[in-house]
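Novice: curious how this folds, go ahead:
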Amino acid sequence: MVVVGADVHKRSHTFVAVDEVGRKLGEKTVRATTEGHRAALMWARDRFGAELTWGIEDCRNMSARLERDLLGAGQPVVRVPTKLMAQTRKSGRTRGKSDPIDAEAVARAVLREPHLPVASHDEVSRELKLLTDRRDVLVAQRTSAINRLRWNVHELDPERGPAPRALKAAAHQQALRAWLETVPGLVAELARAELDDVIRLTTEINALAKRLEHRTREIAPQLLDIPGCAELSAAKLLGEAAGVTRFKSEAAFACHAGVAPIPVWSGNTAGQMRLSRSGNRQLNAAIHRIALTQIRMPDSAGHAYYQRLIAEGKTKNAARRCVKRRITRRVYRALLADHETRNQTPQSAAA
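Specialist: Numbering: from 1, shown residues only. This is a model prediction of the structure:
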């Protein structure tokens with residue numbers, strides 16, 4: 001077996017091939033285009049045969065095009081978390097840092113961790129990921145615009161400062177605009193411009209939210225049945241999971257989400273665990289929101305479980321981590337059930 005590791009950058013990709021024991025067989029650097037990806041594939045096939053496994057450092061936008069091109073050519077692709085790759089590079093005998101060293105570390109990480117999730121095409125998760133990422137960008141832009149607007153309003157009249165989160169509502173936006181229209185000067189002009197940006201961004205954010213809500217209700221009814229999981233959280237879970245079938249078990253999914261606790265015990269501290277700070281932090285954040293919501297819901301199973309753990313002597317943080325792990329198990333089952341429902345043939349659905 002030959003593993004080809006890739007170190008991806010904005011304008012170039014470097015590939016290093018290693019054999020089953022980690023010996024370096026060759027390297028190649030190509031442009032970060034579809035033509036460059038095809039050249040790398042031809043190089044690997046000509047030199048090492050057809051039995052190839054590609055390891056790609058999971059760098060989101062920089063690795064997405066390469067991943068799609070390789071999957072389109074029928075190649076198996078493994079996503080390597082950046083933190084794992086960094087640990088592999090540090091443990092290597094080669095000193096320093098370069099693109100070939102990083103690509104070789106990616107390939108060796110694939111050999112050392114045979115159960116890493118395999119990348120796969122999933123149009124539903126890709127669609128939701130693009131939409132949720134776009135909404136996150138717009139929300140960040142609106143927050144920045146609101147902060148600038150609040151400082152301008154404070155300079156004009158400290159008593160007129162809008163309440164926190166008030167500028168997301170149309171009524172408060174129009175009230176502030178009506179007042180700014182009566183104020184002369186450059187600061188008021190800039191404040192009106194910032195307010196126009198806030199109104200425009202709010203309109204786009206609300207439109208995206210409605211689109212995500214409609215799409216999520218259509219494709220993820222099981223996920224929405226989980227208490228505390230609203231449409232936007234469900235869309236984030238679907239988008240970041242990137243195809244739930246690539247995980248061999250719910251434990252692997254929990255590890256990918258950074259929810260599985262890490263053992264930190266020795267001798268008398270047997271059984272002690274700590275929080276995992278690795279994994280997909282977007283997935284972790286979505287599960288965290290569901291956990292906080294369930295803990296606040298008096299009639300939910302998550303609230304009862306949390307209170308029982310507190311009564312047993314666990315700290316609030318430890319109890320919350322246990323609730324998150326339990327919710328992850330249900331999220332995984334819901335994602336699988338929704339995936340199977342979407343992929344049912346008309347004949348089997350009718351039966």
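
Novice: in the stretch 1-150 of the chain, which spans are helices?
Specialist: In the stretch 1-150 of the chain, the helices defined using DSSP state H, counting those that start in this stretch lie at 34-48, 61-72, 82-91, 99-112, 123-156.

Novice: buried residues in the first one?
Specialist: So that's helix 34-48. Buried residues in helix 34-48, defined by neighbour count with 16 or more other Cβ atoms under 10 Å: 36-37, 40-41, 43-44, 48. Heads up, the C-betas are built off the backbone N, CA and C, glycines and all.

Novice: the last one now?
Specialist: In terms of neighbour count (16+ other Cβ under 10 Å), helix 123-156 has its buried residues at 124-129, 131-133, 135, 138-139, 141-142, 145-146, 149-150, 152-153, 156.

Novice: count of neighbours near the closest residue to residue 47 other than its chain neighbours?
Specialist: Of all residues not flanking residue 47 in the chain, residue 26 sits nearest, at 6.0 Å (Cβ to Cβ, 6 or more residues apart in numbering). Using other Cβ atoms under 10 Å, residue 26 has 14 neighbouring residues.

Novice: quick check: bridge partners of residue 26?
Specialist: residue 17 (DSSP bridges).

Novice: how near is it to residue 226?
Specialist: Going from residue 26 to residue 226 by Cβ to Cβ, to the nearest Å gives 48 Å.

Novice: where does pLDDT dip in the chain?
Specialist: 60, 83-96, 120-121, 269, 345-351 (pLDDT under 70).

Novice: break it down into its domains, please.
Specialist: 2-112, 123-219, 222-346 (automatic domain parsing).

Novice: isn't residue 146 right next to residue 167, touching?
Specialist: Yes - counting by Cβ atoms under 8 Å, residue 146 does reach residue 167; the two are 5.2 Å apart.

Novice: quick one: common contacting residues for the two?
Specialist: The contact sets of residue 146 and residue 167 overlap at residue 198 (Cβ atoms under 8 Å, 6 or more residues apart in numbering).

Novice: for stretch 169-178, give me every contacting residue.
Specialist: By Cβ under 8 Å, 6+ apart, the residues outside stretch 169-178 that reach it are 153, 160, 162-163, 166-167, 192, 195, 198-199, 202.

Novice: among these, name the ones in helices.
Specialist: Judged by DSSP state H, the contacts of stretch 169-178 include 153, 192, 195, 198-199, 202 as members of helices.

Novice: could you find the closest non-adjacent residue to residue 335?
Specialist: Nearest residue to residue 335 in three dimensions, chain neighbours excluded: residue 244, at 4.0 Å (Cβ to Cβ, 6+ apart).

Novice: what is the neighbour count of that neighbour?
Specialist: Residue 244, neighbours per other Cβ under 10 Å, totals 24.

Novice: list the contacts of it.
Specialist: Counted by Cβ under 8 Å, 6+ apart, residue 244 has contacts 253, 332, 335-336, 339.

Novice: TSV for the helices of the stretch 1-150 of the chain, including distance to residue 285?
Specialist: Below are these laid out as TSV (distance: least, Cβ to Cβ, whole Å):
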stretch	distance to residue 285
helix 34-48	32
helix 61-72	19
helix 82-91	17
helix 99-112	25
helix 123-156	11
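
Novice: which of the ones you listed sits closest to residue 320?
Specialist: helix 82-91 (22.8 Å; Cβ to Cβ).

Novice: and the closest residue to residue 139 other than its chain neighbours, what are its phi and psi?
Specialist: Sequence neighbours aside, residue 205 is the residue nearest to residue 139 in space, at 6.1 Å (criterion: Cβ to Cβ, 6+ apart). Main-chain dihedrals, residue 205, degrees, to the nearest 10: phi -60, psi -40.

Novice: that older thread, tell me the one of the contacts of stretch 169-178 nearest residue 271?
Specialist: residue 163 (47.7 Å).

Novice: how many other residues sit next to the closest one?
Specialist: 8.

Novice: which residues touch it?
Specialist: Residue 163 neighbours (Cβ under 8 Å, 6+ apart): residue 172.

Novice: if I look at it, how far off is residue 36?
Specialist: Residue 163 is 52 Å from residue 36, by Cβ to Cβ.
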